[in-house]
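S.K.: sequence first, then the predicted structure:
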Amino acid sequence: METSWLPISVAQNDLLRLFSWHHLAAPVQEPRCQFVVAGSYSISNSTPGYLTTAPGAGVGVAIYDKSAGVGGVAHFLLAEPTAGVGVRRRDYYVSTALPEFIEALLAAGASLERLAAAVAGGSYLVEDLSDANTFSLGTQVVTATIDILQQQKIPVTSIEVGGLRPLSLLLDTLSWKTSIQFIGGPSNQPRSDVNKPSALEIKQAIDAVTPIPQIALKIIQLLGRDNCYSVTELADEIKRDQVVAAKILRYSNSAFFSPESPVESIERAIVLLGEKNLLEVAVSTAAEMFYSGHEGGYSLMRGGLYRHALATAHTAKEIALFTGWVDAGTAYTAGLLHDIGKVVLDRFVADSLPLFYQQYSRISDFTELERERFGIDHMQAGQQLATKWQFPDSLCAAISSHHRPEQAPEAHQLMAHILYLADLLASVYMSGVDLEQVTLDHLNTRMERIGLRPDQLSLIIAHVPWNKLLYL
């Protein structure tokens, strides 16, 4: 897999600085950066730049041959294929993808005898480490990685695994230095005494939020119904919003769907995607428009809010399909919209960012810090928007309680619990895209509420298209 270099954005520069990578104190002019998404790897020569990943509960591996000037970074999700999934996504698994990554390095000119590695990730899914064996996916993926590296006689020169805080791994493709740091700190910036916004300022921020397009509101209503709509009428509605229609066509032609021939009309998109998928794509494009423009607060990279929302949506859909408790389309929409309240608070987070990073490690639930700083958390802000826009009750409940699903009305408890788990998995398996920390308290109990066992988590994870979500 060749490196696809990206210019480092302002948000990424902030990210590199806040991760305290001291060897970047005097970076080369206009360095290039590649974020390696879950289920992929990237290889480079000695061209100045950086390869970086945030493995979360997965594992990030940097392997390099300094003498040959060849190296790369890989991000794997699980140790080995799970029964019932097979090797359909072989790039997700250490057992199938790590040997391919090593072979690709050798094909690029590296020597097996000179390779060295750095390993990071495998964060726990529980705070009570007595339960760590029950939720042992992180441990399994790290162990499988170390085993293969030892078999290949590749020395591990740097390793940081386990723990509850997500890690980042960076490889400098000029010096071949690696760095492993906790995401979100420590910050080198001084404590910032930012004034707490008033209730009036929060209200004004809520009132100032531009609503999602009307076509999305109509589709949200349709997603909860069983074929109570006309596909022709739906296509006509979509075509009336040229921006949404254009984005749907772009989405339909993306690597996510890989059509055999270009999709040039909404009607063709319906044939390719199917009716339900078209509805989801339409809502996704509207959500992308809604989240865009918010890059300095919660986002850790360009489009971070949307990327996290999209990952949560796909994960919620897979959980809904697996459990059968709620409509998968509604779960997908809930995942896309669960963080709409962050748009309200985004500029306040941007103003308080150094303080957020300094205090990030002391909290188990990010909403606690939001309430402390702003007098309101993003769930409460999102509930006000959802009510204002007359979202269905199930979506309102999920948005307002996805960090604490027990607080949802009884009729919507299942949706809230599914969204909680989807948000958690998106945070730990696609970490590094936005500032998020989901409490791990009562994880086992919350999974039991929707009938999921810990050993079934890998089935959910394996079906989410993590390796494509960053490029949609």
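M.R.: Arrived safely. Residues are numbered from 1 along each chain as shown.

S.K.: quick one: the strands in the stretch 1-150 of the chain, in order.
M.R.: 6-7, 32-35, 40-44, 50-53, 59-65, 70-76, 116-121 (DSSP state E, counting those that start in this stretch).

S.K.: centroid-wise, who is the farthest residue in this structure?
M.R.: residue 113 (35.5 Å; CA atoms, centre = their mean).

S.K.: contact partners for that residue?
M.R.: Shown in contact with residue 113 (CB atoms under 8 Å, 6 or more residues apart in numbering): residue 153. For glycine as for every other residue, the C-beta is placed from the backbone atoms N, C-alpha and C.

S.K.: and the residue nearest to residue 287 when sequence neighbours are not counted, how many neighbours?
M.R.: Nearest residue to residue 287, sequence neighbours excluded (CB to CB, 6 or more residues apart in numbering): residue 336, at 4.5 Å. Look at residue 336: counted by other CB atoms under 10 Å, it has 29 neighbours.

S.K.: can you tell me how far residue 336 is from residue 395?
M.R.: 10 Å (CB to CB, to the nearest Å).

S.K.: ditto for residue 366
M.R.: 21 Å.

S.K.: for residue 121, same thing?
M.R.: Taking CB to CB as the measure, residue 121 falls 33 Å from residue 395.

S.K.: what about these two, which has more around it?
M.R.: Taking other CB under 10 Å, residue 121 and residue 395 do not tie; residue 121 has more neighbours (32 against 25).

S.K.: could you dump the strands of the stretch 1-150 of the chain into CSV with distance to residue 442 and mean pLDDT added?
M.R.: What follows is these, written out as CSV (distance: least, CB to CB, whole Å; pLDDT from 0 to 100):
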stretch, distance to residue 442, mean pLDDT
strand 6-7, 39, 39
strand 32-35, 32, 82
strand 40-44, 33, 93
strand 50-53, 30, 92
strand 59-65, 26, 97
strand 70-76, 28, 96
strand 116-121, 24, 96
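
S.K.: could you dump those strands to TSV with distance to residue 266?
M.R.: Formatted as TSV, the strands of the stretch 1-150 of the chain follow (distance: least, CB to CB, whole Å):
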stretch	distance to residue 266
strand 6-7	31
strand 32-35	32
strand 40-44	31
strand 50-53	36
strand 59-65	40
strand 70-76	35
strand 116-121	41
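
S.K.: ok, for residue 383, nearest residue in space, not its chain neighbours?
M.R.: Residue 383 sits nearest to residue 400 (CB to CB, 6+ apart), 3.6 Å away.

S.K.: now do the helices in the stretch 201-350 of the chain.
M.R.: 214-223, 231-240, 242-252, 266-273, 275-291, 304-323, 328-337, 340-351 (DSSP state H, counting those that start in this stretch).

S.K.: ok, residues contacting stretch 405-416?
M.R.: Against stretch 405-416 from outside (CB under 8 Å, 6+ apart): 325-326, 330-331, 334, 393-394, 397-398, 400-402, 417, 419-420, 442, 446, 449-450.

S.K.: could you turn the buried ones of these into a PyMOL selection?
M.R.: Buried subset of the contacts of stretch 405-416, written as a PyMOL selection, criterion 16 or more other CB atoms under 10 Å:
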select buried, resi 325+326+330+331+334+394+397+398+400+401+402+417+419+420+446+449+450
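
S.K.: residue 213 contacts residue 289, doesn't it?
M.R.: Yes: if you go by CB atoms under 8 Å, residue 213 and residue 289 touch, sitting 6.8 Å apart.

S.K.: okay, and the common contacts of the two?
M.R.: 243, 244.

S.K.: the closest residue to residue 39 other than its chain neighbours: what's it in contact with?
M.R.: Spatial nearest neighbour of residue 39, excluding adjacent residues (CB to CB, 6+ apart): residue 467 at 3.3 Å. Contacts for residue 467 (CB under 8 Å, 6+ apart) come out as 37, 38, 39, 40, 89, 91, 92.

S.K.: show me the shaky parts of the stretch 1-150 of the chain.
M.R.: Residue ranges of the stretch 1-150 of the chain with pLDDT under 70: 1-31, 83-88, 125-135.

S.K.: which stretches of it form helices?
M.R.: Under DSSP H, counting those that start in this stretch, the stretch 1-150 of the chain gives helices at 10-18, 94-107, 137-151.

S.K.: now, which of the contacts of stretch 405-416 lie within helices?
M.R.: In this view, those that belong to helices under DSSP state H are 330-331, 334, 393-394, 397-398, 400-401, 417, 419-420, 446, 449.

S.K.: switch the residues you listed over to CSV; also include pLDDT.
M.R.: Listed next are the ones in helices among the contacts of stretch 405-416 as CSV, based on pLDDT from 0 to 100:
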residue, pLDDT
330, 87
331, 93
334, 93
393, 90
394, 88
397, 94
398, 92
400, 96
401, 96
417, 97
419, 97
420, 96
446, 95
449, 96
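
S.K.: tell me which two in those residues are the farthest apart.
M.R.: 393 and 446 (20.8 Å; CB to CB).

S.K.: local confidence estimate at residue 228?
M.R.: Reading off the confidence values, residue 228 has pLDDT 61.

S.K.: on that earlier part again, SS state for the residue nearest to residue 39?
M.R.: helix (DSSP: H, G, I helix; E, B strand; the rest coil).

S.K.: how close does it get to residue 40?
M.R.: For residue 467, the distance to residue 40 - CB to CB - is 5 Å.

S.K.: now for those two: what residues contact both?
M.R.: residue 91.

S.K.: re earlier: of all the helices of the stretch 201-350 of the chain, which one is nearest residue 196?
M.R.: helix 340-351 (8.8 Å).

S.K.: what's the closest one in contact with?
M.R.: 192, 194, 197, 202, 205-206, 209, 290-291, 294, 296-298, 305, 356, 370, 373-374, 376-386, 399, 434-435.

S.K.: kindly export that helix (C-alpha atoms) in CSV.
M.R.: Taking C-alpha atoms only, helix 340-351 is exported to CSV below (Å, rounded to 0.1, in the frame of the first residue of the first chain):
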residue,chain,number,x,y,z
ILE,A,340,-24.8,17.3,17.5
GLY,A,341,-24.5,19.1,20.8
LYS,A,342,-20.7,19.3,20.2
VAL,A,343,-21.3,21.7,17.4
VAL,A,344,-22.9,24.1,20.0
LEU,A,345,-20.0,23.8,22.4
ASP,A,346,-17.2,23.5,19.9
ARG,A,347,-16.0,27.1,20.0
PHE,A,348,-16.0,27.1,23.8
VAL,A,349,-13.9,23.9,23.8
ALA,A,350,-11.5,25.6,21.3
ASP,A,351,-11.0,28.5,23.7
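
S.K.: chain center to that helix, what's the gap?
M.R.: Centroid separation between helix 340-351 and its chain, computed with CA atoms, centre = their mean, to the nearest Å, is 18 Å.

S.K.: export only the CA atoms of stretch 438-457, formatted as CSV.
M.R.: Backbone C-alpha positions of stretch 438-457 (Å, rounded to 0.1, in the frame of the first residue of the first chain) are rendered in CSV as follows:
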residue,chain,number,x,y,z
VAL,A,438,-16.7,7.5,27.1
THR,A,439,-17.0,6.1,30.6
LEU,A,440,-16.3,2.4,31.0
ASP,A,441,-18.4,2.1,34.1
HIS,A,442,-21.1,-0.6,34.0
LEU,A,443,-19.9,-1.8,30.5
ASN,A,444,-20.8,-5.4,31.3
THR,A,445,-24.2,-4.5,32.7
ARG,A,446,-25.0,-2.2,29.7
MET,A,447,-24.0,-5.0,27.3
GLU,A,448,-26.2,-7.4,29.1
ARG,A,449,-29.1,-5.0,28.7
ILE,A,450,-29.0,-5.5,24.9
GLY,A,451,-28.1,-9.2,25.1
LEU,A,452,-24.4,-9.0,24.1
ARG,A,453,-21.6,-11.1,25.6
PRO,A,454,-18.0,-9.8,25.7
ASP,A,455,-16.9,-12.6,23.4
GLN,A,456,-19.3,-11.3,20.7
LEU,A,457,-17.7,-7.9,20.5
